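[1] my questions are about this predicted structure, shown below with the sequence.
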Amino acid sequence: MPHVPVNDYPWQGDFPDTPNWSENFLLAGQDPKSGVGFWMHCGRWRKDLEMFRETVVVRLPDGTVASSRAIGNANSAKDGPGGPHYAIRIVEPGAKLTYRYNGGIRRVPSLGMKDALVAEGPRTPMKIALTFESNADVWDLHKVGGTQDFLPAGHIEQIGRVTGTIQVGDEVYEIDTIANRDHSLGPRDNKDLLNHQWHQGYFENGISFLLFDAMTRGDGKVAFSEAAVYEGDKLFPARLELPWRCDDAAKDHDPVSFRLHYENGALDIQTTEYQTDSYLSLTSPNDQYVGVYSTEGKPTLVLAEQSVGLLLNGSVRGYGCFERTINGHIEPES
């Protein structure tokens with residue numbers, strides 16, 4: 001697969017004449033002190049690439065989820081993408097970005113998101129002001145772009161410290177945590193996605209990890225299984241042993257264990273608890289919805305975003321976020 005270079009800035013100039021071409025920016029993490037998890041996505045809308053589809057999901061410690069999905073480009077600029085309420089700005093490439101949201105959201109119980117799309121109804125104000133800062137190595141995933149259709153040809157990720165505030169109604173949460181951001185571009189179609197695991201974790205001893213594993217629907221085989229270990233800011237390529245992939249959304253709180261091998265040894269990682277959950281769903285070729293739409297007579301593919309407690313090598317405590325698609329029907333979007 002040819003290398004598709006990705007920098008931090010949004011695509012400039014004419015868009016490629018490529019079916020299902022897309023560009024996406026994401027910040028995902030959790031703050032164990034405040035009990036808040038966040039998944040803040042901004043991607044070009046395939047029906048008009050000048051516009052961005054923002055999907056902002058905040059998992060709150062009381063078991064509710066603050067969420068919004070909107071499409072537009074009011075906050076789009078050369079130094080960062082943006083939709084109607086959400087703006088990302090690249091302050092210093094590879095080192096500092098800001099994330100701002102100011103709009104009205106729906107606040108719903110997380111479990112209800114598994115059963116239906118989040119419907120229109122009463123709204124609550126939400127304001128987000130977060131800063132991402134990092135000296136960490138960037139993880140480049142372009143080599144897996146040609147192995148399937150749902151992950152774009154260009155894809156970079158980076159861990160860093162996220163600080164700031166998230167305010168939902170009158171509740172203000174102070175955020176100071178390590179989290180992960182990404183930027184991807186290239187053609188994207190979800191129709192052959194069977195399941196994927198996109199996990200991140202951070203431990204008290206300064207070890208962190210990122211992993212991305214996926215299976216395709218057509219052949220039921222693992223399309224790629226990639227991982228990276230960080231010692232502080234230094235990245236080491238890693239090999240992933242993942243013995244179990246969730247294939248039933250009712251089992252999304254079952255314990256998960258896996259092993260990472262890298263040049264300085266092996267890391268055995270396991271979940272100790274699931275703290276907060278949120279649920280989304282995907283359509284084909286490339287759209288996402290807050291909550292899970294129903295399909296008659298068959299389960300829908302669930303996109304689960306979860307804050308987890310972790311344990312490293314049986315003794316070192318940590319935290320992280322698990323993103324998983326769990327086997328089911330993907331609706332084509334007409």
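    The structure has been received and is ready for your questions. Numbering: from 1, shown residues only.
[2] show me the shaky parts of the chain.
    The model of the chain has pLDDT under 70 over residues 1-5.
[3] can I get the lengthiest strand in it as CSV, trimmed to CA atoms?
    What stands out as the longest strand in the chain, according to DSSP state E, is strand 265-284. Only the C-alpha atoms of strand 265-284 are listed here, as CSV (Å, rounded to 0.1, in the frame of the first residue of the first chain):
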residue,chain,number,x,y,z
GLY,A,265,9.7,-7.7,27.5
ALA,A,266,6.1,-8.8,27.7
LEU,A,267,3.1,-7.0,29.2
ASP,A,268,0.1,-8.9,30.5
ILE,A,269,-2.9,-6.5,30.7
GLN,A,270,-6.4,-7.2,32.0
THR,A,271,-9.5,-5.2,32.8
THR,A,272,-10.4,-4.8,36.4
GLU,A,273,-13.7,-2.9,35.9
TYR,A,274,-15.9,-1.2,33.4
GLN,A,275,-16.7,2.3,34.7
THR,A,276,-18.8,4.1,32.1
ASP,A,277,-20.3,3.2,28.7
SER,A,278,-21.7,4.8,25.6
TYR,A,279,-23.0,3.2,22.4
LEU,A,280,-23.1,4.3,18.8
SER,A,281,-23.7,2.6,15.5
LEU,A,282,-22.2,2.8,11.9
THR,A,283,-23.7,2.8,8.5
SER,A,284,-22.1,2.0,5.1
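[4] how about residue 112, secondary structure?
    Each residue gets one of three states, and residue 112 gets helix by DSSP: H, G, I helix; E, B strand; the rest coil.
[5] ok, now which ones touch it?
    residue 291 (CB atoms under 8 Å, 6 or more residues apart in numbering). The way it works is simple: take the backbone N, C-alpha and C, and place the C-beta from them, glycine included.
[6] what separation do you get for it and residue 323?
    20 Å (CB to CB, to the nearest Å).
[7] partner strands of the longest strand of the chain and their direction?
    strand 257-262 (antiparallel), strand 287-290 (antiparallel), strand 302-312 (antiparallel), strand 331-332 (parallel) (DSSP bridges).
[8] what comes up buried for the first one?
    In other words, strand 257-262. Judged by neighbour count (16 or more other CB atoms under 10 Å), strand 257-262 contains these buried residues: 258, 259, 260, 262.
[9] and the contacts of that strand?
    209, 211, 227, 229, 236-244, 266-271.
[10] out of those, which end up buried?
    For those, buried by 16+ other CB under 10 Å: 209, 211, 227, 229, 238, 240, 242, 267, 269, 270, 271.
[11] from the contact counts, what lies against the helix or strand encompassing the second one?
    Yep, that's residue 211 we're talking about. Per DSSP states H and E, residue 211 falls inside strand 207-216. Strand 207-216 sits against strand 154-168, strand 193-203, strand 222-231, strand 234-241, strand 257-262, strand 265-284, with contacts defined as 3 or more CB pairs under 8 Å, 6 or more residues apart in numbering; DSSP states H and E.
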